[in-house]
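> need coordinates for the below:
(one chain, ligands or ions: 1)
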Amino acid sequence: MDLINSLIAPLRNFYQRLAIRLAFLGRLLLYPYVLFLAYLQSVHFVVYVQAKNLELYYRRQAQRFTSGSRRSTTFKDKSQELDQWKLDFGTSRPIAEEVKPLFRASVNPRDVMLKAWGRTDYYYDRYVVHTPFCIVVRLSGERNRYIYSPRPGTKLPFVLSEIAEPDQYHFSPQTPRSFNLNKVDVPKPVEKPLVKLFEREAIPEVVAKPNTPTIGRSPIVLDADSGTKFSSSHTPLTGQLTVSKTGSPRNRRIKLVVNKKPKAPFIGSFYDYEHVKHEIINCFDRPEIDYGSLAPNIVRLAWHVSATYDQRTGTGGSNGCTIRFPPELTDPGNTGLHPAMSALNLIQAKFPWISYADLYTFAGAIAIEYLGGPKIDWKPGRIDCTDQSQVPPNGRLPLGSLGADHIRDVFINALGFDDRAAVCLIGGGHALGRTHAKYSGWDGKWTENPLQFSNQFFLELLTHEWDECIVPETGMKQFCYEKKRLMMLNTDMALLRDPSFAKWVKIYGEDEKLFFDEFSQDFAKLLELGVDRDSDGIARKKF
Ligand code: HEM
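Next up, the predicted model:
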């Protein structure tokens, strides 16, 4: 045994010495790993960016789109203060380029490394800068000096005292944010009263050549795609020029202080609305929809958006556009409005500066005109509510199966119209489009040409014998004139049965011009229900 041990011992000693000598190799492998772990656990710089920058960015995007300008927006923020740490992340970079890759999933190891090393994560109200510098901070014993904490009141890395409560700037691009004109940061009044803004004559005509946008001081730019003219957000700069009187003429200083552009609520000019109008008209033609046009459905949407008004409580109406929220949308009276809503929602996504309330009512006014009706004097300025707390109770919309008393209850007691206006509005609306068994349970059209606004509804009502009939699919009762395959609701027939209503049915049947004039005023008034305007024309109802 001793012999064996004495033979093995030198060998064992040799291997032990070798192992001790080579141990540094293992450590060499270990060091980068330990460093990497230290980096991963290192503290982050958290810089709260004024979320207003992001908001401004979205607004500028909208403005850029509508004004046709292709200037890139730059992103300036508090990261300038990183300069004191001699770190250069750049302080003025195009934000879109910056943000896009950060939200993309890493697809390869290189991407992963790039993201892990010195990356910047953007959140809606802040961004977090992960830097190798953190290790240095940590190793130099200054750990926990800059601690990431989203809690308000925690000491932040840099002096960002003007942001008292980071949460107050929370901004979520997922939920469409209404442009809330009653916010304190929106000064009033706007430059011009809206009424003035819409006077076409007031805007100077500038002839611009196709594809060469007018630049410089012109208030008009040309959209290269559509050839439409829009107003640019042109505001002359104001400021102060001071020339110091001291020193030799060579060294004299000239100082130009340019006043910042005054903040003004973003509301489209006449030409911006012309652009929206253009898009609305483009969405009307739909071969898959009844009679190939969405326009009647849009007229009905504009009417339903406004018809929830109740003058006794001052609630409901077009301001706020509560129809977007499920409690109102699922009101049985609102079935079948989704084609109009989805088409208009796409337009709203293109022009985020316009409120849904304005868009839906504007589209209704345009549809009437487009279908051959009178011009409707529509005014912008409605604001959207941001949640469903303002949704009026269901059941305010009229029911087609009831009679004259019900019509008066809705049109006179709630909406504030009179007998004449009720007849005028119902007859004008029901000259267009049709009822659908799959939506309301009634079936058929009121007039022979449902894409032509006219006084035809009154003529049909007056000249035919209307028989009661049943819709086979739904068992619903309606009135039919089989020869022309026309229909009437019970409420429509009530206009003939009630003497006070019937008087106006006859007058409008005989005088189409009078009907057009009065419909134009009544429909404009309908779209204004629930809209309390200030002297500058903007609705400032508190939501
Ligand atoms: C007593 C008042 C009213 C009642 C009971 C009533 C009822 C109805 C009903 C049941 C439909 C069919 C919905 C469907 O199945 O798709 C309809 C369609 C329509 N209504 Fe009325 N309505 C009234 C007043 C008005 C007013 C004042 C207007 C506009 C000024 C209007 C415009 C329209 C239009 C344009 C359609 C056709 C929609 C389409 O083709 O998709 N209605 N209405």
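> tell me the domain ranges of this protein?
Listed by automatic domain parsing, the domain ranges of the chain are 1-30, 45-169, 191-263, 270-390, 404-520.
> residues from the stretch 201-350 of the chain in reach of the ligand?
By the rule CB under 6 Å from any ligand atom, the part of the stretch 201-350 of the chain lying against the ligand is 296-297, 299-300, 303, 336. In short, each C-beta sits where N, CA and C put it, glycine included.
> just checking, which of these belong to helices?
With helices taken from DSSP state H, the overlap with those comprises 296-297, 299-300, 303.
> about what we covered before: CSV for the residues of the stretch 201-350 of the chain next to the ligand, including pLDDT?
Below are these laid out as CSV (pLDDT from 0 to 100):
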residue, pLDDT
296, 97
297, 97
299, 97
300, 97
303, 97
336, 92
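> which one among these gets closest to residue 532?
The nearest member of those to residue 532, counting by CB to CB, is residue 303 at 20.3 Å.
> quick one, phi psi at the residue nearest to that closest one when sequence neighbours are not counted?
Of all residues not flanking residue 303 in the chain, residue 429 sits nearest, at 6.0 Å (CB to CB, 6 or more residues apart in numbering). When read as degrees, to the nearest 10, the backbone of residue 429 gives phi -60, psi -40.
> ok, residue 429 - how many residues close by?
Per other CB atoms under 10 Å, the neighbour tally for residue 429 reads 22.
> now do residue 452
Neighbour count for residue 452, taken as other CB under 10 Å: 13.
> just the element for it, please.
Residue 452 is part of no helix or strand, with elements assigned from DSSP states H and E.
> quick one: it and residue 371 touch, right?
Yes. Assessed by CB atoms under 8 Å, residue 452 is found in contact with residue 371 at 6.3 Å.
> show me where the stretch 351-500 of the chain has helices.
356-370, 404-408, 419-429, 456-463, 490-497, 499-510 (DSSP state H, counting those that start in this stretch).
> most tightly packed of those?
helix 356-370 (a mean of 26; mean count of other CB atoms under 10 Å).
> that one close to the ligand?
No. On the criterion CB under 6 Å from any ligand atom, helix 356-370 is out of touch with the ligand, staying 8.2 Å away.
> you'd agree residue 316 is up against residue 304?
No. Using CB under 8 Å, residue 316 makes no contact with residue 304, being 10.9 Å away.
> looking at these two, which is more packed in?
More crowded of residue 316 and residue 304, by other CB under 10 Å: residue 316, with 25 against 22.
> who's in contact with the more buried one?
308-310, 322, 392, 396, 529-530 (CB atoms under 8 Å, 6 or more residues apart in numbering).
> and residue 294, how many neighbours?
25.
> quick check: it vs residue 343, distance?
Distance, residue 294 to residue 343, by CB to CB, to the nearest Å: 6 Å.
> likewise residue 312?
Applying CB to CB to residue 312 and residue 343 gives a distance of 34 Å.
> looking at those two, which is more packed in?
Using other CB under 10 Å as the criterion, residue 312 and residue 343 rank with residue 343 on top: 21 against 9.
> so which helix or strand takes in the more buried one?
Using DSSP H and E, residue 343 maps to helix 338-350.
> contact partners of that helix?
65, 176, 276, 279-280, 283, 286, 289, 294, 297-298, 300-301, 323-324, 354, 356, 359-360, 363.
> just the buried residues of those residues.
65, 176, 276, 279-280, 283, 289, 294, 297-298, 300-301, 323-324, 354, 356, 359-360, 363 (16 or more other CB atoms under 10 Å).
> what comes up buried for the helix or strand hosting residue 274?
Using DSSP H and E, residue 274 falls within helix 270-284. Neighbour counts over helix 270-284 (16+ other CB under 10 Å) mark 270-277, 279-280, 283-284 as buried.
> show me which of those residues is closest to the ligand.
Closest approach between these and the ligand, by CB to the nearest ligand atom: residue 284, at 12.3 Å.
> so what's the closest residue to the closest one other than its chain neighbours up against?
Using CB to CB, 6+ apart and skipping the chain neighbours, the partner closest in space to residue 284 is residue 295 (4.8 Å). Counting by CB under 8 Å, 6+ apart, residue 295 makes contact with 284, 367, 370-371, 432, 451.
> same check on residue 292?
285-286, 451.
> show me what the top helix by length along the chain is packed against.
The residue-count maximum for a helix in the chain (DSSP H) belongs to helix 2-40. With contacts defined as 3 or more CB pairs under 8 Å, 6 or more residues apart in numbering; DSSP states H and E, helix 2-40 has these neighbours: helix 133-139.
> could I get the average pLDDT for the helix it packs on?
What helix 133-139 shows for mean pLDDT is 38.
> before we move on, the earlier item: which of the contacts of residue 292 lies closest to the ligand?
Closest to the ligand, out of all of those and judged by CB to the nearest ligand atom, is residue 451, at 9.7 Å.
> correct me if wrong: the closest one contacts residue 290.
No. Between residue 451 and residue 290 there is no contact under CB under 8 Å: 9.4 Å.
> where do the contact lists of the two overlap?
If you check residue 451 and residue 290 against CB under 8 Å, 6+ apart, the residues they both contact are residue 296.
> I'd like the buried residues of helix 270-284 as CSV, with distance to residue 483 and pLDDT appended.
Below are the buried residues of helix 270-284 laid out as CSV (distance: CB to CB, whole Å; pLDDT from 0 to 100):
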residue, distance to residue 483, pLDDT
270, 48, 64
271, 49, 63
272, 48, 76
273, 44, 82
274, 44, 84
275, 45, 86
276, 42, 90
277, 39, 90
279, 40, 90
280, 36, 94
283, 35, 92
284, 30, 93
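> can you show me the strands along the protein?
Secondary structure of the chain (DSSP state E): strands at 45-48, 74-75, 93-94, 120-122, 126-129, 220-222, 229-231, 239-243, 254-258, 434-435, 444-445, 467-470, 477-481, 486-488.
> by mean pLDDT, show me the worst of those strands.
Within the strands of the chain, confidence is poorest for strand 220-222, with a mean of 30 (mean pLDDT).
> tell me the spacing between the nearest residue to residue 415 once chain neighbours are set aside and residue 414.
Of all residues not flanking residue 415 in the chain, residue 309 sits nearest, at 5.7 Å (CB to CB, 6+ apart). Residue 309 sits 7 Å away from residue 414, going by CB to CB.
> what about those two, which has more around it?
A count of neighbours by other CB under 10 Å puts residue 309 above the other of residue 309 and residue 414, at 25 against 20.
> shouldn't the more buried one be in contact with residue 317?
Yes. Contact between residue 309 and residue 317 holds when scored by CB under 8 Å: they sit 3.6 Å apart.
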